[in-house]
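What shape does this take:
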Amino acid sequence: MSYFTTPSRVIITCHKRLAPYLEQEVKDLGFDIEEAFVTGLRIKATINECIKLNLNLYCASQVLYSLGSFTANHPDDVYRFLIQMPWEDIIAGEGYFSVTSNVQNPTINNSMFANLRVKDAIVDRFRDKKGTRPTTGSDLIGAVIHLFWKNDSAEIFIDTSGDSLARHGYRKIPGRAPMLEALASATILASRWDRNSTFINPMCGSGTLAIEAALIATNSRPGLFRDNFAFMHVLGYDQEIYYAEQDKLEEQIREVPGLRIIATDYSNVAIANAKKNAIAAGVSELIDFECCDFAETEVPKENKGVFFINPEYGDRLGEIAELEETYARIGDFMKQKCGGYFGYVFTGNLDLAKKIGLKAKRRIEFYTSTIDCRLLEYELYEGTRREFNPPAAPLA
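Sure thing, here's the model as predicted:
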């Protein structure tokens, strides 16, 4: 049996609260959603179809292809089930594999022990059938096997991704407290930006939001920036399938005449780093970078789109007092300079957000690291109240 052409349960994971945006992405790629949950969704697909998913998704973390489910009350149950599986048909005898897991079982107080039992089963199977064994390690550079085990229910997967898809691969200089690329993409997809009008990003830091906006506008997918996925190390992999999907990525990139993405920061170092990241992402010519206070950011009067800012949240009392003034200035700037735009403030401090002095039209829930966050949407009227453009069309 070839797993590359045989459909199975596929779980696509994502960070908390990104599932609605991941679900829309997967639907836009032509897949039917069987189930959606807080940190991902389930579809049916082959590993060849998982190649497409890995290359295209902005909001995903891992794409997991199920090899089977079973009942396990003890680590030895995991071992007994897995040693019966034909690992010699999945992993090359001279290859390399890693084991990851998500375990919630009373017999396990260290997930590394569960990983070890999975590794032992695979290695012992190889020794029995082949007289040799592949090498193993923690680096996700080869085949990756994933164990999900909750209470007495367990499932074993081929992780077709390897390193998390949530890091898109172009960011060489992360800067201070950078926003995860998948989170940045999701917040943009949650906005009403039409991917043709102006995108303004003050306090841009390492440039993640501006770069993700440029990638989404031009339909440039994260698979363009990565050349190693775990599916490449599974027996039966056909690189021609991968090359064909890569060609599609290149073909679907679109030009956006007149698109302006403006990114500013008061730090020369941040701007320098953001420019380097934009070059690595291939979108530097689409972003106008400038070093200045956010209140000096250019706001074009034509082709009005969105103003998108991610200010600091503050950890210490002195910072909070200073940030109260900053948030108030953000509100003043949006009111005075951004009429006709939609304003977005991404923050993990709702008390500070009150200092903006505007009523949010929407409060969209997100989560970053250990912080409960909101993307606050403000409709910034100019003159008489009017309706803004409808939400952006689905990804192509």
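
doesn't residue 210 make contact with residue 259?
No: Residue 259 is beyond contact range of residue 210, at 11.8 Å (criterion: CB atoms under 8 Å). C-betas here are computed from N, CA, C, even on glycine.

higher neighbour count, those two?
Using other CB atoms under 10 Å as the criterion, residue 259 and residue 210 rank with residue 210 on top: 30 against 19.

Show me what the helix or strand containing that one is packed against.
Using DSSP states H and E, the element containing residue 210 is helix 208-217. On a contact count with 3 or more CB pairs under 8 Å, 6 or more residues apart in numbering; DSSP states H and E, helix 208-217 meets helix 181-190, strand 199-201, strand 261-265, helix 268-281, strand 287-291.

Quick check: which of those is buried the most?
strand 199-201 (a mean of 30; mean count of other CB atoms under 10 Å).

partner strands of that strand, parallel or antiparallel?
strand 261-265 (parallel), strand 306-309 (parallel) (DSSP bridges).

now the helices: where do they sit in the protein?
19-28, 47-56, 75-82, 111-130, 181-190, 208-217, 239-251, 268-281, 317-337, 350-353 (DSSP state H).

can you tell me which of those the model trusts least?
Comparing mean pLDDT across the helices of the chain, the weakest is helix 317-337, with a mean of 90.

Can you report how many residues lie near the closest residue in space to residue 282 that isn't next to it in sequence?
Distances taken as CB to CB, 6 or more residues apart in numbering place residue 220 nearest to residue 282, at 7.1 Å, with adjacent residues excluded. Other residues near residue 220 come to 23 when the count uses other CB under 10 Å.

again with the one 3 residues further on
A count of nearby residues for residue 223, using other CB under 10 Å, gives 23.

Quick one: residues contacting the residue nearest to it when sequence neighbours are not counted.
In space, and not counting its chain neighbours, residue 223 is closest to residue 55: 2.9 Å by CB to CB, 6+ apart. For residue 55, the contact set (CB atoms under 8 Å, 6 or more residues apart in numbering) comprises 221, 222, 223, 245, 246, 249.

surely the last one meets residue 222?
No: Residue 249 is beyond contact range of residue 222, at 9.3 Å (criterion: CB under 8 Å).

ok, back up a step: got a list of what the residue nearest to residue 282 touches?
Contacts of residue 220 by CB under 8 Å, 6+ apart are 214, 249, 253, 281, 282, 283.

Show me which of these are buried.
Neighbour counting over the contacts of residue 220 (16 or more other CB atoms under 10 Å) leaves 214, 249, 281, 282, 283 as the buried ones.

Would you check which pair of those residues lies furthest apart?
Using CB to CB, those span at most 15.4 Å, a distance reached by 214 and 249.

And for the spatially closest residue to residue 357 that is not a sequence neighbour, the neighbour number?
Nearest non-adjacent residue to residue 357, counting by CB to CB, 6+ apart: residue 331, 4.2 Å away. Residue 331: 19 surrounding residues under other CB under 10 Å.

Distance of residue 331 relative to residue 355?
7 Å (CB to CB, to the nearest Å).

Let me see the contact set for the residue lying closest to residue 52 once chain neighbours are set aside.
In space, and not counting its chain neighbours, residue 52 is closest to residue 245: 5.4 Å by CB to CB, 6+ apart. Residues near residue 245 by CB under 8 Å, 6+ apart: 51, 52, 55, 223.

Nearest to residue 134 among those residues?
residue 51 (22.0 Å).

Around the closest one, count how many other residues there are.
The burial count for residue 51: 25, using other CB under 10 Å.

unless I'm mixing things up, it is touching residue 240, no?
No: contact criterion CB under 8 Å: residue 51 and residue 240 do not qualify, at 11.0 Å.

Give the residues shared as contacts by the two.
With CB under 8 Å, 6+ apart, residue 51 and residue 240 have no common neighbours.

what's near enough to touch the residue nearest to residue 357?
355, 356, 357, 358.

Excluding chain neighbours, give the residue nearest to residue 89 in space.
Looking at residue 89 with CB to CB, 6+ apart, the closest residue is residue 235, at 6.2 Å.

got a pLDDT number for that neighbour?
Reported pLDDT for residue 235: 97.

Need the distance between the two termini of stretch 248-258.
25 Å (CA to CA, to the nearest Å).

What lies in contact with it?
Contacts for stretch 248-258 (CB under 8 Å, 6+ apart): 55-56, 195-196, 217-221, 223-224, 286, 303, 396.

That's all I had, so thanks and see you.
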